[in-house]
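> how would this look folded up:
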Amino acid sequence: MRPLDWVVLLGTLGFIVTYGVWKTRGSKDIEGYLKGDNSMKWWTIGLSIMATQASAITFLSTPGQAYEDGMRFVQFYFGLPIAMVIISITVIPIFYRLKVYTAYEFLENRFDLKTRSLAAFLFLVQRGLAAGITIYAPAIILSTMLGWSLTITNLLIGVLVIIYTMSGGTKAVSVTQKQQMAVMMGGMIIAGFMVVSYLPDNVGFGDAVAVAGKMGKMNVVDFSWDWETSWDDRYNFWSGITGGLFLALSYFGTDQSQVARYLGGKSIAESRLGLLFNGLLKIPMQFLILFIGVMVFVFYQFNQPPVFFNEAAKSKVYATAYADELRGLETKYSSIFEQKQEAVQGLVTALKTEDEAAINAAATQVSSYTEAGKEVRDQVKGVIQKAVPGSETRDTDYVFISFVMKYLPVGLVGLLLAVIFSAAMSSTASELNALASTTVIDIYKRSVKQDGSPVHYLKASKLFTVAWGGIAIIFATYASLLDNLIQAVNIIGSIFYGTILGIFLVAFYFKRIKGNAVFFAAILAEAVVLYCYYFTDIAFLWFNVIGCAAVVLFGFILEGLIGKKKKELVA
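This next block holds a predicted model:
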């Protein structure tokens, strides 16, 4: 990090925090603090929704996901535009008519207090865990790359977010997210141009895409289906359009971190436009970020990549008895790469001449060297695990930040780090704001202290914001790295979202099912989802469908049993 990078990084973060505090100062009651006085325009709502979902994990893990697995992760979002239309038509008018602060208030009107409290509790559990990961994910990577203490990095992200979220509430979150989205997308677009510009002179943009395609990285849509194997395939068209739809319905329709974004709109029309704006732009945004990861993959076909992208973890091995074994594997990896380079150049030449026989032969040769390189990488991971027991050997989350730190020019490094910090802050701010509002409105005000003044509840909201921020920082500090970070957040969400969505679907569409039936149906459905998670290989996206369907099914069964029991008692 050069001085200019520090100026760009600290200047960007300082401006966002200061602007958020200054622009939204002076909330006098809970209406202004939790709903922003219903003053948000549709573009602010749309950008806020996108920024809430686009956490630092998106910008750290998604390019690495594409580097390893290609473009198919974009299918995860195929159900999202449909969900935006459904929510705009059915959910938003109900929330506006009831003038709710949180999504869960509606459940008491429809069912009873215990069902409202259960849904709020499920939300608090899963979003509280996710808030910790949202801080931890960028913190562990940034602390490793910058040589900072993990605790200090967690505190830096957490405290900055707490300052402006506590100060201005929902409006502060939404206002600052416009600047954060500008920084995030601007930085990523610049990074994408830089990756392409670093390719060899004889490799144009079209050539890079063609190489990526021949190496299996442009696998955008997969329509294949096999009843025996496709259930554990996380990313195909069918899981995206169904499981992704249910996840998006639950996330945007019942998760307070998103509901709060559009409850602050000036009108139903503004809120609907904000959601539809997100539905139109989310897939192109994710496509762009994944594509940048694919271009980083192509770049590393012409420039030798590290044998292990987490350099800090690898450097620890050099201080152990396994140092020579690691050096030997690195030498072997370099030798394979030199041979692979010739094959890749042959593939480029064949693609330019459109000689199919030569293309297939070169692609086969490249694939052979790629597999040989993967075998060496697996051996390196084994050495790291032996030398430093407990080390995380999955390094895809380090692919993009490693490229940024090593290859981008001075100033742009600071900008890309600002992108990651901004993304962490935007998502965490929404989560803390939602956790505080749900705690105050659905738990504290409803079941603990019902006779407080507006000023009392405003102070309580600020205190709960700080409390949840502290809990998230503590969780982030003591959490251990979970597989691929973006998958970890989606898995946690999927474990709970299906059940929550099922409760809301029953509330909206199945008037016959009453409070007692849906309450116990939700508990049974959550038990089914947890069983699927711990004891089956079903891909996590299907948990959203299973949990939702189980609530509806159990709800009908239990309502029938309850109704039968009542008839027997009357008789």
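
> what residue ranges in the stretch 151-300 of the chain score low on pLDDT?
168-175, 177, 225-235 (pLDDT under 70).

> Residue 260 against residue 434, yeah?
Yes - Residue 260 sits in contact with residue 434 when judged by Cβ atoms under 8 Å, with a separation of 5.5 Å. Backbone N, C-alpha and C define where each C-beta goes, glycine included.

> And residue 187, how far from residue 523?
The span separating residue 187 from residue 523 equals 44 Å under the rule Cβ to Cβ, to the nearest Å.

> more neighbours, the two?
Neighbours were tallied for residue 187 and for residue 523 using other Cβ atoms under 10 Å; the higher tally belongs to residue 187 (24 against 13).

> residues touching that one, list them.
For residue 187, the contacting residues are 412, 415, 416, 418, 419, by Cβ atoms under 8 Å, 6 or more residues apart in numbering.

> In terms of helix, strand or coil, where does it fall?
Secondary structure for residue 187, judged by DSSP: H, G, I helix; E, B strand; the rest coil, is helix.

> Now it: closest residue in space, sequence neighbours ignored.
In space, not counting the residues next to it along the chain, residue 187 is nearest to residue 419; the distance is 3.8 Å by Cβ to Cβ, 6 or more residues apart in numbering.

> Quick one: residues contacting the one you found.
When contacts are counted by Cβ under 8 Å, 6+ apart, residue 419 touches 59, 183, 184, 187, 188.

> Residue 54 is in contact with the third one, correct?
Yes - counting by Cβ under 8 Å, a contact exists between residue 184 and residue 54, whose distance comes to 6.5 Å.

> shared neighbours of those two, anything?
What both residue 184 and residue 54 touch, as defined by Cβ under 8 Å, 6+ apart, is the set 423, 426.

> circling back: what pLDDT does the residue nearest to residue 187 get?
According to the predicted model, the pLDDT of residue 419 comes to 78.

> Ok, residue 34 next?
pLDDT for residue 34: 63.

> Ok, residue 542 next?
Model confidence at residue 542 (pLDDT) stands at 83.

> what about it, neighbour count?
For residue 542, the tally of surrounding residues (other Cβ under 10 Å) stands at 23.

> Helix, strand or coil: sort out it for me.
Following three-state DSSP, the label given to residue 542 is helix.

> Skipping adjacent residues, who's closest to it in space?
Once its chain neighbours are removed from consideration, residue 542 has its nearest residue in residue 243; the separation is 5.2 Å (Cβ to Cβ, 6+ apart).

> and that neighbour, that's in a helix?
Yes - the assignment for residue 243 by three-state DSSP puts it in a helix.

> That one touches residue 78, doesn't it?
No - Residue 243 is beyond contact range of residue 78, at 10.0 Å (criterion: Cβ under 8 Å).

> ok, those two, which is more surrounded?
Summary of the neighbour comparison: residue 243 and residue 78, criterion other Cβ under 10 Å, with residue 243 having more neighbours (26 against 22).

> Now do the contacts for the more buried one.
Counting by Cβ under 8 Å, 6+ apart, the residues that residue 243 touches are 79, 494, 539, 541, 542, 543, 544, 545.
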